[in-house]
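>>> Need coordinates for the below:
(3 chains)
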Amino acid sequence: MPELPEAETIARELDRQVVGCVISSVRVLRRDVVHGDPRPIGRVVTGRHIRRVYRRAKRVIVAFDPPIEIVFHLGMSGRLSVEPSRVLAAKHTHLRLALDDDEVREIRFCDPRRFGGVWVLAGGTRQVGRKLGPLGPEPLQLTSKDFANILDRNRQVKALLLDQGAIAGIGNIYCDEALFRAGVHPLTSAADLSLRQRGVLLHSIKTVLRAAIKHRGSTISDYRQVDGVAGSFQHSNRVYGREGTACVECSAEIIRLVAAGRSTFVCAVCQPQQSM
DNA sequence: CGCATTTCCTGGAGGC
DNA sequence: TGCCTCCAGGAAATGC
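Residues are numbered from 1 along each chain as shown, chains lettered A, B, ... in the order given. As a prediction, the model looks like this:
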């Protein structure tokens, strides 16, 4: 499930492969996957060249010249790939952007579960569209002071970390991994965390995200890099998906519970419940 | 306000 | 082998 490190990996690789390319044609295979600008996406981007590809939160953004942006939200099964146009497109490919280059490649957006989507944002107009809600700050750029303020709410810390409007880019996997490394129980009220604990938690979040980017993301089921290769950070997970196994720190059994409606993995010894 | 539940969707896993 | 049910989850909507 693509979170910040997966989106970052895809954005970097896409940028490397397609920056400067011109869109020669567009094929929309599922109309309801494309949102934003009401004009047909083909009319909007054909003939424009790709200025850069970057990431914001869990989104991969292709920026064009003249200025127009296509925002890809990968949901949980979304994939972006660059393939030769002659290669048969995978099932559930919803959008194909042909590149006017020698190899005749195209950018493909494939999303079987369709929790993701594509937003076309016309130049200047920052109307993000109803479905793309407000985003909190990037965790990797957050100061401990700002983070401490974000946590100053009577809310389960896990629910808060997953709230994209509070902090952008953290999903279920890295949330659990960061909480474990910080020794914080996911059901703790954020407001009950000491300043020191908040500092440790931010540090853990940054450490986990940076390490995951280095490993090019976690491939649990669907996620793949632009070239189809899996990421490898799933092998570094200490709690996520490890129910019933021994904690790497203390050998206690990792347990699964539900927090914020999601599967949540904790070591009850390393992450004690705080009394409130 | 906060939190749980439901909804969307497909494919993979497990039961029988 | 095949059919059924359940489960995964990002984010928004709804209900308590």
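>>> Around DNA strand B, which positions in chain A sit nearby?
Contact residues, chain A versus DNA strand B (Cβ under 7 Å from any atom of the strand): A:91-92, A:112-115, A:153-156, A:159, A:189, A:221, A:258-261. From N, CA and C alone the C-beta is placed, and that goes for glycine too.
>>> For the closest residue to DNA strand C within the stretch 51-200 of chain A, pull up the helix or strand it's in.
The nearest approach of the stretch 51-200 of chain A to DNA strand C comes at residue A:133, 2.9 Å away (Cβ to the nearest atom of the strand). Here residue A:133, judged by DSSP states H and E, is contained in no helix and no strand.
>>> Now do the helices in chain A.
In chain A, the segments counted as helices under DSSP state H are A:4-18, A:41-45, A:144-150, A:157-162, A:172-182, A:195-214.
>>> deepest of these, which one?
helix A:172-182 (a mean of 25; mean count of other Cβ atoms under 10 Å).
>>> is DNA strand C contacted by that helix?
Yes - judged by Cβ under 7 Å from any atom of the strand, helix A:172-182 comes into contact with DNA strand C through A:172-173.
>>> cool, and stretch A:7-23?
No - Stretch A:7-23 does not reach DNA strand C (Cβ under 7 Å from any atom of the strand); its nearest approach is 10.0 Å.
>>> swap in stretch A:186-201?
No - in terms of Cβ under 7 Å from any atom of the strand, no part of stretch A:186-201 sits within range of DNA strand C; the closest distance is 12.8 Å.
>>> for the residue of the stretch 51-200 of chain A closest to DNA strand C, what are its contacts?
A:164-165 (Cβ atoms under 8 Å, 6 or more residues apart in numbering).
>>> which bits of chain A sit near DNA strand C?
Residues of chain A lying near DNA strand C (Cβ under 7 Å from any atom of the strand): A:1, A:3, A:57-58, A:73, A:75-77, A:113, A:115, A:130-133, A:162, A:164-165, A:171-173, A:261-263.
>>> Low-confidence regions, chain A specifically.
A:102-103, A:123-132, A:218, A:221, A:275-276 (pLDDT under 70).
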